[in-house]
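Pasted the sequence and its predicted model underneath.
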Amino acid sequence: MGKTVTGVDPLGEKAVKMRDSLQKSQIITDEVVAIMSSFDHRLSALETAMRPIQIRTHSIRKAHENIDRTLKAAEVILVQFDQYRQAETKVLKGPHEDLANYLNAIDQLRGSIQFFGSKKGFKSADGVVSQANNLIAKAISKLEDEFKQLLSSNSQPVEPERLFDCLPNTMRPPSSSPGHEGDSIGKNPSHNHSDSQNNNIDAFVYTPPSLLPSRILALLHDLTEQMVQAGQQQKLLKIYRDTRSSVLEESLHKLGVEKLSRDDVQELQWEVLEAKIGNWIHFMRIAVKLLFAGERKVCSQIFEGCDLLSDQCFAEVTKNSVSMLLSFGEAIAKSKRSPEKLFVLLDMYEIMQELRSEIETLFESKSCTEIREAALGLTKQLARTAQETFGDFEEAVEKDATKTAVTDGTVHPLTSYVINYVKFLFDYRSTLKQLFQEFAAERDETSELASVIMRIMQALQTNLEGKSKHYKDLALTHLFLMNNIHYIVRSVRRSEAKDLLGDDWVQRHRRIVQQHANHYKRNAWAKVLQCLSIQGLTSSGGGGSTAGGDGGTSSSGASRAIVKDRFKTFNMMFEEIHQKQSQWAVPDSELRESLRLAVAEVLLPAYRSFVKRFGPLVENVKNAQRIIKYTPEDLERMLGEFFEEQKQK
């Protein structure tokens, strides 16, 4: 029992102690809370007291920032003012001393206008912008003068020698004359033209001359940029056109280009006109490949970045020069047609075809449409006139009524002229192919050329047959036709015409030559050979042979008198033929020897036989050497004198 009481008291004591501790903790907590509450009130009061100070500090900081920004803005404005004043000084000074700085000054003025134009709140901005615009207007006016002065002082006509130096060696004229004198065709055309030479032209390298120094081109380009920015394109165009077009025309004038109208062309003698056409071909090549190409390059460099203006300037500068060149070609193409003009028409057509792609490239812009179409129009006109001249030539050959007498039966000048004409056509074979394509795209150009050649040949034969009828001697008629057709056949066989006309054509005309040779022999020698026949030699009275008197007969029954008469007739006829046909001509040596041999093969055996058989009947009569005047060897020698062409004195 006592133990139980004793155990409770310690627990109570512990409980009392814990209560006391809790009470003390509560007191301390209450005191701490009171202290903390006191701190909150004091901090709140402090914060309230600090707020005005913070606001003032923030205002001061913002004010400083505004001051800094204002100072910086003012500094920028002052810098712009300074730059503006510097630019103003340079502009007022003018561009002559330092063009580069002058152009920079204009750029600075434009920068000032842009800067002050954006400062709407700045009181002096409008005044600065207005003054800067006025300065730029004055500056651009001075730039126009500078552009004109630079361009004109550095634009000089190109001397012909400089242009020739830009040509390939084989294309340069042999002398100071810019063009050749032209080969006269007349009645015997002789152009030094070949398709192979023409095809090689494309491989030549042409180097256009430098028309303006590189340094000047750069300055003009800089001036152009400023003037374009100022909207002065039309003034640029006018200045450039007026300056460069006259210089280009003067370059052509120095080269030898003339402005000739259709009437001027009609009044010129053919030799003079042909030389001018030859020169014109050189002029066209030089103008397009050198002068126009050089002008295109200059335009591209000066007006780089402004393609439309570049194209307009190039078109305006070259318009008159191109027109002057093309007008001569048009005058030729539209002038009265004649056979001798065909080859120069083909030469002119050829150069236009050669330059066609370059003309289309140089004048490809819309601004150059008129020039491009004019060049193409001339090409087609030349083709049309050349084709019409073919028809004229065919008709002229068939109807040729020249009174040129060919008394010896040799090759007529018309024949050699036509054959040479046809030969030269083959020198233009590729050109003719292009020409036929202009109007007959669906037809075979080779067959078209063959058709033209055959018609010309037939027209020539028709004319020759008409001319042959003027001979009174039928033998000479056939000799004439034999000579001329043989000349035609031989010429065809030795030229490209053989491949075009074909072996059948050649063989057919060779047979015609042989036919005329046979007709010649028959008509020239039939009566002579008749003298050497035995027909009519036998007298009506028989009897043996006698040695005396003209009335004797041979063992064959031939009458001495008739034999004597036959020999005399033969001598007279042969001498007459010898005298006449020694004046006739067979110009081809092979044909001449062949014809002599053909006559000898018929005449000499007949004469030998006649002399052998009937010679003894008259060999003992008085003046027998006058009856049998010729031995067979004499006749053979005399036949060798036939058909020799008469030597020109």
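In hand now; what should we look at? Fair warning: this is a prediction, and the values are worked out from it, not measured in the lab.

Name the residues of stretch 568-578 that are buried.
Within stretch 568-578, the residues scored as buried using 16 or more other Cβ atoms under 10 Å are 570-571, 573-574, 577. All C-beta spots, glycine's among them, are computed from the backbone N, C-alpha and C.

Relative to E159, which of those residues is nearest.
Nearest to E159, judged by Cβ to Cβ, of the buried residues of stretch 568-578 is I577 at 70.0 Å.

From what I see, S152 and T243 are in contact.
Yes. Using Cβ atoms under 8 Å, S152 is in contact with T243, at 5.1 Å.

And the two? Which one has more around it.
T243 (19 against 15; other Cβ atoms under 10 Å).

now that one: how far from E364?
Distance of T243 to E364, computed by Cβ to Cβ, to the nearest Å: 24 Å.

Then R608?
85 Å.

wait, isn't V618 in contact with I627?
Yes. Counting by Cβ under 8 Å, I627 is a contact partner of V618 at 5.0 Å.

And the strands in the stretch 251-400 of the chain?
Assigned by DSSP state E, counting those that start in this stretch, the stretch 251-400 of the chain shows no strands.

Could you tell me which ranges of the stretch 151-300 of the chain sit under the pLDDT cut-off?
Applying pLDDT under 70 to the stretch 151-300 of the chain flags the ranges 173-203.

which one of R608 and E364 has more residues nearby?
Neighbour tally, R608 and E364, criterion other Cβ under 10 Å: the higher count belongs to R608, 15 against 12.

how about that one, what does it touch?
Neighbouring residues of R608 by Cβ atoms under 8 Å, 6 or more residues apart in numbering: P632.

what's the answer for P339, then?
389, 392-393, 396, 421.

Of those, keep whichever come out buried.
Buried among the contacts of P339 by 16+ other Cβ under 10 Å: 389, 393, 396, 421.

of all the buried residues of stretch 568-578, which comes closest to A315?
I577 (77.2 Å).

The closest one: what's it in contact with?
Counting by Cβ under 8 Å, 6+ apart, I577 touches 524-525, 528.

same question, Y240
151, 302, 313, 316-317.

Mind listing what's buried along the strand or helix carrying L219?
In the assignment (DSSP states H and E), L219 maps to helix 214-229. Buried residues in helix 214-229, counted by 16+ other Cβ under 10 Å: 217, 219-220, 222-227.

So which elements touch that helix?
Applying 3 or more Cβ pairs under 8 Å, 6 or more residues apart in numbering; DSSP states H and E, we find helix 214-229 packed against helix 99-117, helix 125-154, helix 233-255, helix 293-302.

can I have that helix written out in CSV, keeping just the CAs?
The C-alpha coordinates for helix 214-229 follow below in CSV (Å, rounded to 0.1, in the frame of the first residue of the first chain):
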residue,chain,number,x,y,z
SER,A,214,38.1,51.4,-119.9
ARG,A,215,38.6,54.2,-117.3
ILE,A,216,36.1,56.4,-119.2
LEU,A,217,33.6,53.6,-119.4
ALA,A,218,33.7,53.2,-115.7
LEU,A,219,33.2,56.9,-115.1
LEU,A,220,30.3,57.1,-117.6
HIS,A,221,28.7,54.1,-115.8
ASP,A,222,28.9,55.9,-112.5
LEU,A,223,27.4,59.0,-114.0
THR,A,224,24.7,57.0,-115.6
GLU,A,225,23.7,55.5,-112.2
GLN,A,226,23.3,58.9,-110.7
MET,A,227,21.3,60.2,-113.6
VAL,A,228,19.0,57.2,-113.7
GLN,A,229,18.3,57.6,-110.0
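
switch to numbering from 41
In the new count, where the first residue is 41, that last one comes out as helix 254-269.

which residues sit against it?
Here helix 254-269 has contacts from 139-140, 143, 146, 150, 180, 183-184, 186-187, 190-191, 194, 252, 273, 275-276, 338, 341-346, 349, using Cβ under 8 Å, 6+ apart.

Would you mind checking those residues for buried ones?
139, 143, 146, 150, 180, 183-184, 186-187, 190-191, 194, 252, 273, 275-276, 338, 341-343, 346, 349.

Let's check: the centremost residue of this structure is which one?
E394 (2.3 Å; Cα atoms, centre = their mean).

Hmm, R325 and that residue touching each other?
Yes. Using Cβ under 8 Å, E394 makes contact with R325 at a distance of 7.5 Å.

So for V658 and I667, which residues contact both of them?
604, 607.

Let me see the mean pLDDT of stretch 178-188.
Here stretch 178-188 scores 84 as its mean pLDDT.

now it: how far from the chain's centre is it?
41 Å (Cα atoms, centre = their mean, to the nearest Å).

and what of stretch 429-441?
Worked out by Cα atoms, centre = their mean, stretch 429-441 lies 29 Å from the chain centre.

which residues make contact with it from outside it?
Taking Cβ under 8 Å, 6+ apart as the rule, stretch 429-441 contacts 377-379, 381-382, 385, 454, 458, 461, 492, 495-496, 499-500, 502-503.

same check, this time on stretch 192-202
So stretch 192-202 is in contact with 216, 218, 249, 251-253, 256, 283-284, 287, 290-291, 293-296, 331, 334, going by Cβ under 8 Å, 6+ apart.

ok, the nearest residue to I496 once chain neighbours are set aside to L203 distance?
Leaving aside its chain neighbours, I496 sits nearest to E434 (5.4 Å; criterion: Cβ to Cβ, 6 or more residues apart in numbering). Between E434 and L203 the distance is 41 Å, computed by Cβ to Cβ.
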